[in-house]
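> A predicted structure for the sequence below; I have some questions about it.
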Amino acid sequence: MKITKLFVTDLDGTFLRSDHSYDRQGLRNILNQFKEKGYLFVAASGRPLLSLKEVFQGFENDMVFLAENGSLLSYQGQMLFQDKLLTAEEYQPIVAAIKNSPYGPTDRILLSGIEQAYISQAVDDAYYKNCARYYPKLQKVANLSEVTDEIVKIAAYFSEETFSEVYKWLNNSFHGISAVTTGFNSVDIILSDINKAVSLARLCEYFDLTNQDVIAFGDNQNDLEMLEFAGTAIATKNARDSIKAVANQVIGFCDDDAVLGYIQHHLSLT
């Protein structure tokens, strides 16, 4: 079957409700129609690949996973793209700087690898439980400096009022990285030459499509490049103002299944 259109959606704050649930039967109905029309559903998130597979268990063969803000791209069990991983020599100085940052020293730092994530055993239970919701394989370590695994992404917690300054500080202090917010007071630190749009462009090339064949949905800063790339950009009503500003259309709230509703309406017209 030739793929003719991509429907690409962020998860948290966009496709998923606030309690991280979604209408599974509604998605199944849509995926069945997509097969008939040559459309493809793409989950594009800052979450790790294991989390995406867990969220969409039972739908894995009918969709694409664009994980870790574009660092990993997987389709039907095949890794279509994997960004360069960070070595300990590259990420440990960043971890050390964050732990003693001018915006508040913190142990709320997570290292996300391909197979598992790492977090300090010094963190409070609330932060650990929140991280465990997104990282199915989460290992506590005595000190993050002990981690020698290759890492896809660093995630760190900062108060929301410091976000704008944190971005500038991180991006000015370290060459070759980019800091973006994914919501929940978390900053993701990834390689600067990769984002959701870069990975999405690779997916379009794989299926011989252009950006005009892409409808994308988002709500937060890490969706910005993806929405600017897409032929049709859609923001949820709960999205940041900067995201609404680049969108062709603003739909309802994530808690009202606005993305599914938009897709269902689109299908009814085609």
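Ah, there it is. Residues are numbered from 1 along each chain as shown.
> so what's the nearest residue to Asp193 once chain neighbours are set aside up against?
Using CB to CB, 6 or more residues apart in numbering and skipping the chain neighbours, the partner closest in space to Asp193 is Gly176 (7.7 Å). Heads up, the C-betas are built off the backbone N, CA and C, glycines and all. By CB atoms under 8 Å, 6 or more residues apart in numbering, the contact list for Gly176 reads 191-193.
> can I get these in a markdown table with secondary structure and pLDDT?
A markdown table is the format used below for the contacts of Gly176 (DSSP: H, G, I helix; E, B strand; the rest coil; pLDDT from 0 to 100):
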| residue | secondary structure | pLDDT |
| --- | --- | --- |
| Leu191 | strand | 81 |
| Ser192 | coil | 74 |
| Asp193 | coil | 83 |
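> Could you check how many residues crowd around Gln249?
12 (other CB atoms under 10 Å).
> Just list whatever residues bridge to it.
Under DSSP bridges, the beta-bridge partners of Gln249 are Ile234.
> same question, Phe81
The partner residues for Phe81, given DSSP bridges, come to Leu73.
> I'd guessed it sits against Ala201; true?
No: contact status for Phe81 versus Ala201: not in contact, 10.2 Å apart, counting by CB atoms under 8 Å.
> Show me the domain layout of this structure.
5-83+194-269, 88-191 (automatic domain parsing).
> most neighbours per residue, which of those?
Of all the domains of the chain, domain 5-83+194-269 carries the top mean neighbour count, a mean of 19, counting by mean count of other CB atoms under 10 Å.
> Ends of that domain, what's the gap?
15 Å (CA to CA, to the nearest Å).
> avg pLDDT for it?
Here domain 5-83+194-269 scores 97 as its mean pLDDT.
> And that domain, how far out from the chain middle?
10 Å (CA atoms, centre = their mean, to the nearest Å).
> all numbers from here: first residue = 20
Taking 20 as the first residue, the last one we looked at is domain 24-102+213-288.
> all strands of the protein, in order?
Using DSSP state E, the strands of the chain run over 24-28, 58-63, 82-86, 91-94, 97-101, 128-131, 136-139, 157-160, 172-176, 196-202, 205-210, 233-237, 251-254, 268-269.
> To Glu224, which of these lies closest?
strand 97-101 (9.9 Å; CB to CB).
> tell me the angle that closest one makes with strand 82-86.
Interaxial angle of strand 97-101 relative to strand 82-86 (axes from the mean of the first three to the mean of the last three CA atoms, to 10 degrees): 30 degrees.
> who touches strand 97-101?
Residues contacting strand 97-101 (CB under 8 Å, 6+ apart): 90-93, 133, 218, 221-222, 225.
> ok, the contacts of Gly195 vs Ala161, which is closest?
Looking across those and measuring by CB to CB, the closest to Ala161 is Leu210, at 27.5 Å.
> Show me what the top helix by length along the chain is in contact with.
The single longest helix within the chain, with elements called by DSSP state H, is helix 43-56. Around helix 43-56, the neighbours that count as contacts under CB under 8 Å, 6+ apart are 20, 23-24, 26, 58-60, 77-78, 81-82, 276, 279, 282-283, 286, 289.
> farthest pair in the contacts of strand 97-101?
Greatest spacing in those, by CB to CB: Ile133 and Tyr225 (20.4 Å).
> Tell me the bridge partners for Val27.
Here Val27, judged by DSSP bridges, has bridge partners Val61, Ala235.
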